[in-house]
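Visitor: Only the shape, not the letters, is given here:
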């Protein structure tokens, strides 16, 4: 059984500030770690798929790192903007390809 | 490429009624997944298809739930004799299946929100 955990559950960020949050996952039998951004009333948007220990990925002002040995990934948002307000989900793939999600980190960026 | 679509977007039903949801995946995607999300939780896996074959079902999927993917194209998820505990967001995702699924990106639809009164 895979248990993916995310912290914090929610955070409030001032516009222009940078922030980061954590996804923890069992390090055994690792295949891939996925990050999604889910805005209200929209489809979850795929941000990154990370597979290798030490992976770093970047998309605009958002970046992520992966440590498969200790079982964690960080997501960073640089210079937060109101449009970054969303729930950020991480998920680990199991051997069959299905995703095991964490509960998400809800980010609210205030002007 | 129009992305994954789901219909309806919202469904309100009375307890005991049957409901059916539809998912249209990205064309030529071999894999199709169904997930369910309840308030405060991340999405939970329900079932998935490789082409038309249903390969795995979660224990969350009771006998009242059935899913099909005829001809490996769109999929339907039916819930019979709905209960209040079935109220949730039902999400569909598809992927190319090229890596055996383990490293593929899954592309999600907007979901169907079910409310059972």
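Guide: Cool, the structure landed. The structure displayed is predicted, hence computed values, not measured ones.

Visitor: Contact partners for residue A:107?
Guide: By C-beta atoms under 8 Å, 6 or more residues apart in numbering or on different chains, residue A:107 lies in contact with A:10-11, A:13, A:19, A:21, A:77, A:80, A:84-88. For glycine as for every other residue, the C-beta is placed from the backbone atoms N, C-alpha and C.

Visitor: which parts of chain A sit against chain B?
Guide: Within chain A, the positions near chain B by C-beta under 8 Å from any C-beta of the partner chain are A:4, A:6, A:31-32, A:34, A:36, A:41-46, A:49, A:51, A:89, A:91, A:93-104.

Visitor: mind running it again at 6 Å?
Guide: Within chain A, the positions lying close to chain B (C-beta under 6 Å from any C-beta of the partner chain) are A:31-32, A:43-44, A:46, A:49, A:51, A:89, A:93, A:96-98, A:101-104.

Visitor: With respect to chain B, which of those is nearest?
Guide: For those, the residue nearest chain B by C-beta to the nearest C-beta is residue A:97; the value is 2.2 Å.

Visitor: circling back: which of the contacts of residue A:107 are buried, as a PyMOL select command?
Guide: The PyMOL command for the buried members of the contacts of residue A:107 (criterion: 16 or more other C-beta atoms under 10 Å in any protein chain shown) is given here:
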select buried, chain A and resi 13+19+21+77+80+84+85+86+87+88
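
Visitor: Please list the residues of chain B that sit near chain A.
Guide: B:41-43, B:45, B:48, B:56, B:101-103, B:105, B:108-110.

Visitor: Now intersect the residues you listed with the strands, please.
Guide: Within these, residues falling in strands by DSSP state E are B:45, B:48, B:56, B:108.
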